[in-house]
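Participant: any chance you can model this:
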Amino acid sequence: MKIWLLLGLLLIHEALEDVTGQHPPKNKRPKEPGENRIKPTNKKVKPKIPKIKDRDSADPTPKTQSIMTQLMDKGRFQKPAATLSLMAGQTLELRCKGNKIGWSYPAYLDTFKDTRLSVKQHERYGQLTLVNSTAADTGEFSCWGQLCTGYVCRRDEAKTGSTYIFFTEKGELFVPSPSHFDVVYLNPDRQAVVPCRVTVLSAKVTLHREFPAKEIPANGTDIVYDLKRGFVYLHPHSGHQGVVYCKAEAGGKSQISVKYQLLYAEVPRGPPSTTILASSNKVKGGDDLSVLCTVLGEPDVEVEFRWTYPGQKDERPVTIQDSWRLIHRGLGHTTRISQSVLSIEDFETIDAGYYICTAQNLQGQTTVATTVESS
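Facilitator: I've put the predicted structure just below:
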């Protein structure tokens, strides 16, 4: 009995060793130490390449950041919107961050050297203050940082700020004009603007011809309305000439602007077209001499004159008088004649020689000369 019991226990013990042991199967060879235990596979795996930002493809142009803030109530500051509407009489204070700030504001404030405007530069910001504002102050206010090397400065386009401000005043839908009648010159090579600007952002503005009386449509092709400039003639021609005015409507009220005379000017843009003429090229001692320098140009282009004459080094007394006038050449064509006259009394020997006139406008300058001899 004991023998059978011992045999049973031995059989159980061997069975347990077969189950829990690490004996390799008989049909497979045992793996050597260090042998790769991962089964080979034919599955292709696409390697993952980390994404690298291409710095060269980035836009090298620096992003423009607004440096302008507006003083609000209780000493708060905030960046102004592209357009603002303020009541006339309010004080405007703008600040732009930077130790050297340039400013631009409506030309009206510069033309009349208005004491209501104050521009100051502080250590860390520039400050513009306008008190007792009026409808005439409506316009663009802008600032920019300046990059300076010594006394030479240039505008930093990456640091700018601007806002267009409507100063709303009771009874004034249009920005007031210094005159009741104005002239707009139509040049075939550039745009012309009828400056009907309003003080109310929501105002509806239309353009009208006085005779024959009719509304002139702003069709977006020939004429467009720009809120900040007025009615813009994109391609002026002689058919646009005449007297026009604008009409504004807002809040149930309407108002008529000043009238504008549109004159067509055919003279092309460029340096002055200049001529010079002496009253005589041979002058006797004691006689009077006058030399005339004339420029034919665009109606709205100013011309400056400079003279060089024989007695200049000896401080010979001369009289120089400049003038200009508009002439109409028919068919609505208008030209500006600018003249400068140099006059000498009691001609002397030192007055003989070359008389040189230089005329200059925004497009360049022209120099002409004539010779005067003593007879």
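Participant: verify the stated contact: W144 with G126.
Facilitator: No: using CB atoms under 8 Å, W144 is not in contact with G126; the gap is 9.6 Å. Bear in mind the C-beta positions are built from the backbone N, C-alpha and C, glycine included.
Participant: quickly list what's touching both of these two.
Facilitator: Applying CB atoms under 8 Å, 6 or more residues apart in numbering, one finds that W144 and G126 are jointly contacted by 96, 101-102.
Participant: among those residues, which lie within strands?
Facilitator: 96, 101-102 (DSSP state E).
Participant: list only buried entries from those.
Facilitator: Among these, those buried by neighbour count (16 or more other CB atoms under 10 Å) are 96, 101-102.
Participant: among those residues, which one sits closest to A135?
Facilitator: Nearest to A135 among these: C96, at 24.7 Å, using CB to CB.
Participant: and that closest one, how far from Y151?
Facilitator: According to CB to CB, to the nearest Å, C96 and Y151 sit 21 Å apart.
Participant: could you do T370 as well?
Facilitator: T370 sits 40 Å away from Y151, taking CB to CB as the criterion.
Participant: neighbour count winner among those two?
Facilitator: T370 (16 against 5; other CB atoms under 10 Å).
Participant: the more buried one against G353, yeah?
Facilitator: No: with contact defined as CB under 8 Å, T370 does not count as touching G353 (10.3 Å).
Participant: give the contact list for the closest residue to G285 other than its chain neighbours.
Facilitator: The shortest distance from G285 to any non-neighbouring residue, by CB to CB, 6 or more residues apart in numbering, is to F347 (5.9 Å). F347 makes contact with 283-289, 374, according to CB under 8 Å, 6+ apart.
Participant: run the last query once more with 6 Å
Facilitator: By CB atoms under 6 Å, 6 or more residues apart in numbering, the residues touching F347 are 283, 285, 287, 289.
Participant: A strand includes it, no?
Facilitator: No: going by DSSP: H, G, I helix; E, B strand; the rest coil, the assignment for F347 is coil, not a strand.
Participant: for it, give me the pLDDT.
Facilitator: Note on F347: pLDDT of 93.
Participant: and it, how far from M68?
Facilitator: 62 Å.
Participant: and for A81?
Facilitator: 11 Å.
Participant: between these two, tell me which one has more neighbours.
Facilitator: Using other CB under 10 Å, the more surrounded residue of A81 and M68 is M68, with 23 against 10.
Participant: I'd assumed C96 was in contact with the more buried one.
Facilitator: Yes: counting by CB atoms under 6 Å, M68 touches C96, with 5.1 Å between them.
Participant: mutual contacts of those two, please.
Facilitator: 143, 161.
Participant: A369: neighbour count?
Facilitator: 14.
Participant: with the one 5 residues further on instead?
Facilitator: Neighbouring residues of S374 were enumerated by other CB under 10 Å; the total is 15.
Participant: from W103, how far off is the residue nearest to it when sequence neighbours are not counted?
Facilitator: Spatial nearest neighbour of S374, chain neighbours left out: A352 (4.3 Å); criterion: CB to CB, 6+ apart. Distance of A352 to W103, given as CB to CB: 52 Å.
Participant: list the contacts of L296.
Facilitator: L296 sits next to 273, 335 when contact means CB under 6 Å, 6+ apart.
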